[in-house]
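Undergrad: Fold the following for me, if possible:
(one chain, ligands or ions: 1)
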Amino acid sequence: MTENVVSDVRNVAIVGPYLSGKTTLLESLLFVTGAISRKGNVKEGTTVGDSSAEARDRQMSVEISAATTEYKNVRFTFVDCPGSIEFIQETYNALKGTGAAVVVCEPEVSRVLTLAPLFKFLDDWEIPHIVFVNKMDRAKDSFMDVLHALKAVSTRPLVPHQYPILKGSDPVGFIDLVTEQAYHYHGGSDPDPVPIPEELKQEEHEARQEMLEQLANFDDRLLEELLEEIEPSQDEIVADLKMELGADLIVPVFMGVADSDYGVRPLLDALIREAPEPSTTADRRGIPLHSGAPLAQVIKTYYTPQGGKMSLVRVWKGEITDNMTLNGVRIGGMYRMKGQQTETIQKAVEGDIVALSRMEGIQTGDTLTTGEGKLKSELPKAEQLPPVFALAIAPERRSDEVKISAALTKILEEDPALAWEQNPDTHEIILWGQGEIHIKVTLDRLRRKYNLPMITQIPHVPYKETIRKAAPRVHGRYKHQSGGHGQFGDVYLEIKPMPRGEGYHFNDKIVGGVVPKQYIPGVEMGVREYLNQGPLGFPVVDIAVTLTDGSYHSVDSSEQSFKQAARLAMQEGLAQCEPTLLEPIASVEICAPTDFTSNMMQLISGRRGQILGYEPLENWKSWDKVLAYLPQAEMQDLIVELRSLTMGVGFFRWKYDHLQEVPDKLTDRLLAAAANGNGNSK
Ligand SMILES: Nc1nc2c(ncn2[C@@H]2O[C@H](COP(=O)(O)OP(=O)(O)OP(=O)(O)O)[C@@H](O)[C@H]2O)c(=O)[nH]1
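TA: So this is what the prediction gives:
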């Protein structure tokens, strides 16, 4: 690559719903710009994006991949992002580092809703974006219908930039609404200029008016010209497009067929002409460009199959050279990426996205600068999504147990949307993520990269138990004679239920030393140990135990024998106290477009939930959130059903709230399920 002829830099995220054609568009962009000589294919697993084994197995992107190319003296780095909602954290992290995004979508009105979460993120973070309506060769709906459907899910106005020319239902070209020049597509070269077809003149005029009126909303001069029916100059229109896109005021809409390279060159030209320069983006993010040390931010961390660490960074300010020390870590090497291929470079400039190797201790989202000191203020990071799906994992080979923690730490560095914990009640290792495929991809990585095949199971629900009735005086006597001196402990306990959330209380009401002070800790220990696993098999909570009476033997008594006596008393006592099962209840907020609110209610009632109310979701256009209490036992596949009911866009947030008695009629079923591991091995 000839670095010195580059006059400008652009970095662009390619985002959009699942399977809309992002990886195919990247392949086409690399092909038409000459970065690759032959196009790969998603089905054959030969594309530059989706190069990991996990992505190829599934023919879907599971992490971002960056590729740098040059076109008309501009260096572009494209970041192909996953479309699946289960990998959306990757996309959000990448978007924080890119100057603009191309949103790839399909020309199908019924699927437009799947763009809502992405548009929301782009609008919240004010990231300039262009829509590319792909797969025009398979359009189910007209371009204008798709455009109007898109408007309903975007808070920013959508502005048509092109108008399609069809032959039957086949896209053969487009009309550029700025220049009013029509073109016929050519897969292998620039489109051919042709006259505007007579029958499209009226439609083209209307689409153009729509574009101009939207632009005029942010430009008084253009508004005046339109009112006075003065034809605005093309330069003026382009300047408006550039300014309004750069400030994320409008969303221009393009179209094409990525598979056939149709519409790809015009898209590149528009990115050069209209997408903001790196300095404009930095300026809008409040990064002072003309003073201070270089600044970069990590948008992704990878571990290569050989175990080397790579940090993909966006350079925000100044130049980064390969001999620098950033945040106290010396750069191990600097590279431009093309999928998994790397090209060593010595220098990266403002706007570049490059990989740095061996940046130990540096995490995704970190802001990097020269020198040893920590930065006063970090660049903002994308919010970490709360995990919504979990499996309990264990190594297939017991000898691998010691390796799990180190491997999971690395995997979490690569994928911050995961989390893991060792559950203190069930002792299981729980792997948390954004859905079933997300967890399965992680398990594949553990097996492939770390040679750690795992077995999985649905996590146990951390049930507890309590009592409904008191037992005022239960007796426990432990007397044992073996050889030398014997063992003797004798206690009377009062056992009482406590209100929910009180936990466990132990009281000592011994008078006159009938149980000597030094043995009382033994009694408490016996009670506590017993409560770890009550008559139903779970920890006992919300219970008060009082030591009221007892007796001792001057030779045979010991702390140990009082512990045994207390256990015996508890065993006998709890059986009389009507033990009952408690289940954890989560407070949940389930969010989805209002069209699905009644589905959300049914989902909750069908899972023994208690609906607390519903209200509009703050800052979301036409979305509701339903508030509810839901038993944790019913939440395992909640996200799976919620997504299937809401075209994949519904999400929920939850937190543990309280314990609640399980209805009698369900206890047997839950106890049987719990004994079975709450479900089946997966
Ligand atoms: N007919 C047609 N098919 C296309 C076009 N672009 C992509 N495809 C096909 O659509 C499917 C999905 O394409 P991808 O490029 O993998 O989609 P993606 O958006 O990268 O997928 P994810 O990243 O997993 O969300 C593949 O079978 C492509 O061959 C197009 O313009 N026309």
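Undergrad: Give me the nearest residue to the residue of the stretch 101-250 of the chain found nearest the ligand, chain neighbours excluded.
TA: Relative to the ligand, the nearest point of the stretch 101-250 of the chain is residue 135 (4.0 Å; Cβ to the nearest ligand atom). No exception for glycine: its C-beta is placed from N, CA and C like everyone else's. Closest residue to residue 135 apart from its sequence neighbours, by Cβ to Cβ, 6 or more residues apart in numbering: residue 106 at 5.1 Å.
Undergrad: any idea how far residue 517 is from the ligand?
TA: Using Cβ to the nearest ligand atom, to the nearest Å, we find residue 517 at a distance of 69 Å from the ligand.
Undergrad: now residue 300
TA: Distance from residue 300 to the ligand, by Cβ to the nearest ligand atom: 15 Å.
Undergrad: Neighbouring strands of the helix or strand harbouring that residue in the sheet, and parallel or not?
TA: Under the criterion of DSSP states H and E, residue 300 resides in strand 295-303. Take DSSP bridges as the rule and strand 295-303 pairs in its sheet with strand 309-317 (antiparallel), strand 367-369 (antiparallel).
Undergrad: Show which residues not belonging to it make contact with it.
TA: Strand 295-303 has contacts (Cβ atoms under 8 Å, 6 or more residues apart in numbering) with 63-64, 66, 79, 90, 93-94, 96-98, 287, 309-318, 320, 326, 353, 355, 359, 362-369, 379, 410, 413-414, 449.
Undergrad: quick revisit: can I assume the residue of the stretch 101-250 of the chain closest to the ligand is in contact with residue 24?
TA: No. Under the criterion of Cβ atoms under 8 Å, residue 135 is not in contact with residue 24, lying 9.2 Å apart.
Undergrad: So for the two, which sits in the more crowded spot?
TA: Neighbours were counted for residue 135 and for residue 24 using other Cβ atoms under 10 Å; residue 24 has more, 27 against 22.
Undergrad: what residues are up against the more buried one?
TA: Counting by Cβ under 8 Å, 6+ apart, residue 24 makes contact with 42, 47, 134, 258-259.
Undergrad: what's the pLDDT at it?
TA: What the model reports for residue 24 is a pLDDT of 95.
Undergrad: so it is in which element?
TA: Going by DSSP H and E, residue 24 is in helix 22-32.
Undergrad: Check residue 218 too.
TA: Using DSSP H and E, residue 218 sits within no helix or strand.
Undergrad: returning to what we had before: and the residue nearest to residue 135, its phi and psi?
TA: Torsion angles at residue 106 (phi, psi; degrees, to the nearest 10) stand at phi -100, psi 150.
Undergrad: for it, what are its contacts?
TA: 17, 20-21, 133-135, 138.
Undergrad: same thing with residue 363?
TA: Contacts of residue 363 by Cβ under 8 Å, 6+ apart are 298, 301, 413, 416.
Undergrad: and those residues as CSV, adding pLDDT, distance to residue 593 and neighbour count?
TA: Listed next are those as CSV, based on pLDDT from 0 to 100; distance: Cβ to Cβ, whole Å; neighbours: other Cβ atoms under 10 Å:
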residue, pLDDT, distance to residue 593, neighbour count
298, 96, 34, 25
301, 95, 34, 22
413, 93, 34, 17
416, 93, 27, 19
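Undergrad: Could you single out the nearest of those residues to residue 334?
TA: residue 298 (13.5 Å; Cβ to Cβ).
Undergrad: ok, now which ones touch residue 37?
TA: Residue 37 is in contact with residue 31, counting by Cβ under 8 Å, 6+ apart.
Undergrad: mind checking the SS state of it?
TA: Look at residue 37: counting by DSSP: H, G, I helix; E, B strand; the rest coil, its state is coil.
Undergrad: tell me the mean pLDDT over stretch 124-140?
TA: Average pLDDT, stretch 124-140: 95.
Undergrad: Could you tell me how far it lies from the centre of the chain?
TA: The chain centroid and the centroid of stretch 124-140 are separated by 21 Å under Cα atoms, centre = their mean, to the nearest Å.
Undergrad: Kindly check the end-to-end length of that stretch for me.
TA: End-to-end distance of stretch 124-140 (Cα to Cα, to the nearest Å): 30 Å.
Undergrad: got the buried residues for that stretch?
TA: Judged by neighbour count (16 or more other Cβ atoms under 10 Å), stretch 124-140 contains these buried residues: 127-136, 139.
Undergrad: Dump those to TSV, plus distance to residue 588 and secondary structure.
TA: TSV is the format used below for the buried residues of stretch 124-140 (distance: Cβ to Cβ, whole Å; DSSP: H, G, I helix; E, B strand; the rest coil):
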residue	distance to residue 588	secondary structure
127	30	coil
128	35	coil
129	31	strand
130	36	strand
131	33	strand
132	36	strand
133	36	strand
134	36	coil
135	36	coil
136	41	helix
139	39	coil
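Undergrad: Between those residues, which sits nearest residue 191?
TA: Closest to residue 191 out of the buried residues of stretch 124-140 is residue 136 (13.4 Å), distances taken as Cβ to Cβ.
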